[in-house]
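Student: Quick one: sequence plus predicted model below, questions after.
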Amino acid sequence: MTERPLSRDEVDIFMRLRPHSRRAFMAAFGATAAALSLSACKPAEPASGEGTKLVIPGSEGSKLEFYNWDTYIGETTLADFKAASGIDVNMTLFANNDELFAKFRAGNPGFDLIMPSNEYVARMIEAKMLAPLDQSRIPNKKNLLPEFQNADFDPGRKYSMPYTWLVLGIGYRKSAMKGGVTPDSWKYLYDSAEYKGKISMLSESADVFRIGFKYLGKSVNDATPELIKQVEDMLIKQKVNIKNFHNDDGQDLLMSREVDLVLEYNGDIAQKETEDPDLAFVVPKEGSLLNSDCMCIPNGAPNPNNAHAFINFLLDAQNGANITKTILYPTPNAAAKALMDETYKDNQTIFPPTAVMAKCEYGKYPGSAITQAFEAAMTRVRAA
């Protein structure tokens, strides 16, 4: 591993910054991933029935290298796993899926467990970067909601286990909305000067263009060259009204009042709503893009047995609930969700209304040609 381990002071800063965006911490220490070992954190008090050591068949040793989004784990999860297994988890942070994918182009640099989003799971399967899972070692898969037991992007869950799910929507400041109107259409971000200079969009090209497809009444997967050009032209026209394209820190721009509307994930806004009741989140009436971050073992993992044990540990009901209480993203773990209180279960930022969610879709990996078309079009938008 070549990344620089964080100092004690940096770890303290990391913990004080929690919870923020999955990516927000990266801005504090630069764009490159930072290696972070939290094994020294005090474990939580054992839950009922816990306290015995995990027995890991064929355990390779006492280490596990984990590549994860920032601020995307429970406060004591790594220490709890070490207390239960004796395995020290070294967590290294990445900023986005492109960085994750690039890391493995030349082979596995030494990681045991990684956390790609659903589209990148499919892309990494195609590129033969992922190892098949031994589901007999993951009995806690039974805790997953029925709709997460299988996945179109990974039939049979051969290569991935779900960690969270996410939906893109509009985060906004209620007091800044003209006439108190809820911004329940993508028009406010893509095709309106009403909030000129107070709009921030995500920087990830595929997400921005797919939401544009939704606004135009199409599927997020209708990625034809003609439709990409139509969204590109619309964004170039709208750019005069957009303050910036953010790196998934839109909730911080809302908090600082730099903008009033952001394209952002529900979990990021849910975290900030606990600090500022003037913030809110809506999935627009046209529908939106769904994502699911997944646990995968890359080919060449030095410690695959430890990785299987850690996946199973994370899918435990109490461990999953401890994570969810920290990160406030929707959990696919039914047993963990059952342990959460009503302020989580009834939160419509975390769990938007069923009627709107019915209009939301997962993005499918469209192949390298369309992926490159998204990136080239976004480059032209930025340069316009």
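Tutor: Cool, the structure landed.

Student: so what's Asn299 up against?
Tutor: Contacts for Asn299 (Cβ atoms under 8 Å, 6 or more residues apart in numbering) come out as Asn108, Lys128, Met129, Leu130, Ala131. Heads up, the C-betas are built off the backbone N, CA and C, glycines and all.

Student: I figured the first one was touching Pro298, is that so?
Tutor: Yes: using Cβ atoms under 8 Å, Asn108 is in contact with Pro298, at 4.8 Å.

Student: Show me the common contact partners of those two, please.
Tutor: Joint contacts of Asn108 and Pro298 (Cβ under 8 Å, 6+ apart) are Met129.

Student: So for these two, which residue has more residues nearby?
Tutor: The residue with more neighbours, out of Asn108 and Pro298, is Pro298; 26 against 19, by other Cβ atoms under 10 Å.

Student: hey, which helix is longest across this protein?
Tutor: helix 368-383 (DSSP state H).

Student: Can you spell out which helices and strands pack onto it?
Tutor: helix 205-215, helix 225-238 (3 or more Cβ pairs under 8 Å, 6 or more residues apart in numbering; DSSP states H and E).

Student: hey, which of the ones you listed is tucked in deepest?
Tutor: For the helices and strands packed on helix 368-383, the largest average neighbour count (mean count of other Cβ atoms under 10 Å) is found in helix 205-215, namely a mean of 23.

Student: Just list what it packs against, helices and strands only.
Tutor: helix 187-190, helix 225-238, strand 261-265, strand 289-295, helix 368-383.

Student: now these as a markdown table including mean pLDDT and distance to Ile311?
Tutor: Formatted as a markdown table, these follow (pLDDT from 0 to 100; distance: least, Cβ to Cβ, whole Å):
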| stretch | mean pLDDT | distance to Ile311 |
| --- | --- | --- |
| helix 187-190 | 98 | 37 |
| helix 225-238 | 98 | 36 |
| strand 261-265 | 96 | 23 |
| strand 289-295 | 97 | 5 |
| helix 368-383 | 94 | 28 |
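
Student: among these, which is nearest Met115?
Tutor: Set against Met115 and scored by Cβ to Cβ, the helices and strands packed on helix 205-215 come closest in strand 289-295, at 5.4 Å.

Student: just how off-centre is the helix or strand just after the closest one within its chain?
Tutor: Using DSSP states H and E, the helix or strand that follows strand 289-295 towards the C-terminus is helix 304-314. Relative to its chain's centre, helix 304-314 lies at 20 Å (Cα atoms, centre = their mean, to the nearest Å).

Student: Just the buried residues of helix 304-314, please?
Tutor: Pro304, Asn305, Asn306, Ala307, His308, Ala309, Phe310, Ile311, Asn312, Phe313, Leu314 (16 or more other Cβ atoms under 10 Å).

Student: same question, stretch 123-138
Tutor: Under 16+ other Cβ under 10 Å, the buried positions of stretch 123-138 are Arg123, Met124, Ile125, Met129, Leu130, Ala131, Leu133, Arg137, Ile138.

Student: Lys174: neighbouring residues, count only.
Tutor: Other residues lying near Lys174 total 13 when counted by other Cβ under 10 Å.

Student: Contacts only, for it.
Tutor: Going by Cβ under 8 Å, 6+ apart, Lys174 touches Gly180, Asp278, Leu279, Ala280.

Student: got it, and His246?
Tutor: Contacts for His246 were tallied using Cβ under 8 Å, 6+ apart; they are Ser200, Met201, Leu202, Ser203, Leu253, Val262.

Student: would you list those in JSON lines and tack on neighbour count?
Tutor: Below are those laid out as JSON lines (neighbours: other Cβ atoms under 10 Å):
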{"residue": "Ser200", "neighbour count": "24"}
{"residue": "Met201", "neighbour count": "25"}
{"residue": "Leu202", "neighbour count": "19"}
{"residue": "Ser203", "neighbour count": "16"}
{"residue": "Leu253", "neighbour count": "21"}
{"residue": "Val262", "neighbour count": "32"}
